[in-house]
Structure formats: C-alpha cells, structure tokens
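Visitor: Sequence and computational prediction follow.
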Amino acid sequence: MERYKEIEKSIIKKYRKEIWAKFVKTVKEYELIKENDNIMVCISGGKDSFLLAKCIQELKRHGKIHFDAHYVVMDPGYKEINRNMIVENAKLLNIPIEIFESDIFSVVDSVASKSPCYLCARMRRGYLYSKAQELGCNKIALGHHFDDVIETTLLSMFYGSEIKTMMPKLHSENFPGLELIRPMYLVKEEAVLAWKKSNDLTFINCACRFTEKIALDDDGTSKRKEMKELIKNLKKVNREIDNNIFKALDNVNLNCVLGTKQDGNYTSFLSDYDNKK
C-alpha cells in the first residue's frame, strides 16, 4: 500500500473517534459544506492545515455531498527550506497544491517590523479572499482546531475585556459572497499531534520570518502560548476544563450578564431591568 493511502486509512480507522468523527460532526452540526460548494482549502504548511486537506479529500471522496475543492498555499516570502518542505509534504500526502506568491513578509517588515503580527494576519486574509474569488470559490477553509477556540476565548477575556470566541463559520465583511469555515473546530490538538507522530510526519512549525529575529518583551512566550500553559495547568485539577469553557459559550445565560454587544451596539442589563418587576 502506498504511504499516502496508509496515512488516509489512519484518519478513518485508527483516529476515527478523535479526528474523523469530530471533523464530520463539525461539518454537519454547523452546516459548513453544502451541495455544489466550491471551497479553497488553505494550507500553511503546518500539521493542522495538512490534516484538514486530507479530511476534505476523504469527505469529497466518500461523502454524500457534492462539492469542489482547491488546495492552495500562499507563499508570503518563506525561506526556501520551508517552501520545499511544504511541497514535499504535499507530494507525500498526495495533495495537489497550487502555490501563489505574495510579498507580505517584505511589506510588513518595512512598515511594522516591531509589531508585525496584526498587519501580517490582515494582509494574509486579504490575499486569501482575493485568491478565492479568482478561483470562483464561495468558501475558504482554515485549519483552526478546538484548542485554538479555547485559547482565543481566554485571550479575549483576559486581554480584550470581552467574551467572544472563534466561530465555526462567518461571512466576509469585505468580500461579499465569501464565507470562512473551520471544519477542524471540534478536533483537539492532541489528536492531531498523535496522528502526526504515528505516521512519522514532519511539518513546518512556524515559518514566520519575524519570530526568528524579534526579541519579545516576554522572552518569546506569546500570549497564546501563555493560554495554552494555563489550560494545561487547569486540566491537572479538572480534566474537563476545556470542554466546559467550550460548552459555556453555547450556554450563555443572558439573565445573568451585565451587558451584551451586537453589531457594535451595547445593551446594559439595566435597559429592561425595571420591566421585570
């Protein structure tokens, strides 16, 4: 059996419960993929996006819904060693990638070298949406997983002073007709790591040019890494802590919050407090 087929089999068989079942549940529960969708699957070169691509391939091959998929890699200015690794992994996994160039790293380096992440993320999103339009796609699939959702939630609370999370899908504000979907939404990172290890796979971890040369104030410990460590420590006391945070986001009691915000409009609990006498 060819290696890529063994890797595909491991997703369906060995990691059926941890990966495949949760991937399928996400797609169905949040109605992420519909008949005749044209999806651009974004591959950054890391473990999450490559696993996403394989799951999309399997769903397209064995699922009941007909849809098209394009497997796209945006090169923002990767070093040659990182780009070559992406290409080789795509060949190994039998994923027909299309690479397109951008000059994001160079632009960001020239205008925001001290705090590049925000601008880089915005530029990446713009390039990806434009490429999706060029391909005639109506959806963009990203490889964010369950842990990303929990970490984003805590980051918003601790550093953004608001309760919000990473959604399983959302409409683009600047590109009408395009929708962003996250089919790995319920898949935990530990399952992705186990799949990677069991298949003896090596992916690029972080190919960002800036993390190699910028000395961060917290000695390289990012806020997201800080959240990851926090959750890890909390799980020593309560193994369900991450699941409970996730469930809380789907179980918000509006009778017991000080205020809510929707579409930029804030509403205080006082607005109709006297009407509830």
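Guide: Arrived safely.
Visitor: all strands for the stretch 51-200 of the chain, in order.
Guide: Using DSSP state E, counting those that start in this stretch, the strands of the stretch 51-200 of the chain run over residues 67-75, 97-101, 139-141, 169-171, 179-181.
Visitor: now those strands in TSV, with distance to Lys54 and mean neighbour count?
Guide: Where you see a C-beta, it was placed from the backbone N, CA and C, and this is true even at glycine. Formatted as TSV, the strands of the stretch 51-200 of the chain follow (distance: least, C-beta to C-beta, whole Å; neighbours: other C-beta atoms under 10 Å):
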stretch	distance to Lys54	mean neighbour count
strand 67-75	10	19
strand 97-101	12	14
strand 139-141	12	25
strand 169-171	20	13
strand 179-181	16	21
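Visitor: of all those strands, which lies closest to Tyr127?
Guide: Nearest of the strands of the stretch 51-200 of the chain to Tyr127, taken as C-beta to C-beta: strand 67-75 at 5.7 Å.
Visitor: Sheet-wise, list the partners of that closest one with their directions.
Guide: Within its sheet, strand 67-75 is paired with strand 37-42 (parallel), strand 97-101 (parallel), according to DSSP bridges.
Visitor: got the contact list for Arg182?
Guide: 26, 32, 141-144, 166-169 (C-beta atoms under 8 Å, 6 or more residues apart in numbering).
Visitor: re the thing from before, select from the strands of the stretch 51-200 of the chain the stretch with the lowest mean pLDDT.
Guide: Note on the strands of the stretch 51-200 of the chain: lowest mean pLDDT is at strand 97-101, with a mean of 91.
Visitor: Save the strands paired with strand 67-75 as CSV, and put in distance to Tyr185 too.
Guide: Listed next are those as CSV, based on distance: least, C-beta to C-beta, whole Å:
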stretch, distance to Tyr185
strand 37-42, 15
strand 97-101, 23
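Visitor: nearest to Lys235, of these?
Guide: Across those, closest to Lys235 is strand 37-42 (C-beta to C-beta), at 29.6 Å.
Visitor: Can you show me the CA trace of the closest one as PDB?
Guide: As requested, the backbone C-alpha atoms of strand 37-42 are provided in PDB (Å, rounded to 0.1, in the frame of the first residue of the first chain):
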ATOM      1  CA  ASP A  37     -19.900  24.500  -2.700                       C
ATOM      2  CA  ASN A  38     -16.500  25.500  -4.200                       C
ATOM      3  CA  ILE A  39     -14.000  25.500  -1.400                       C
ATOM      4  CA  MET A  40     -10.500  26.900  -1.200                       C
ATOM      5  CA  VAL A  41      -8.600  24.800   1.400                       C
ATOM      6  CA  CYS A  42      -5.800  26.900   2.800                       C
END
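Visitor: And that strand, what's buried?
Guide: For strand 37-42, the neighbour count (16 or more other C-beta atoms under 10 Å) marks 37, 39-42 as buried.
Visitor: again with stretch 41-51
Guide: Neighbour counts using 16+ other C-beta under 10 Å place 41-51 of stretch 41-51 among the buried residues.
Visitor: Ranking by neighbours, what's the top pick from the contacts of Arg182?
Guide: Counting by other C-beta atoms under 10 Å, Ala141 has the largest number of neighbours within the contacts of Arg182, with 31 neighbours.
Visitor: ok, that residue touching Val41?
Guide: Yes. With contact defined as C-beta atoms under 8 Å, Ala141 reaches Val41; the gap is 4.7 Å.
Visitor: Point me to the residue sitting farthest from the middle of this structure.
Guide: Most distant from the centre of the chain: Lys277, at 44.8 Å, with distances by C-alpha atoms, centre = their mean.
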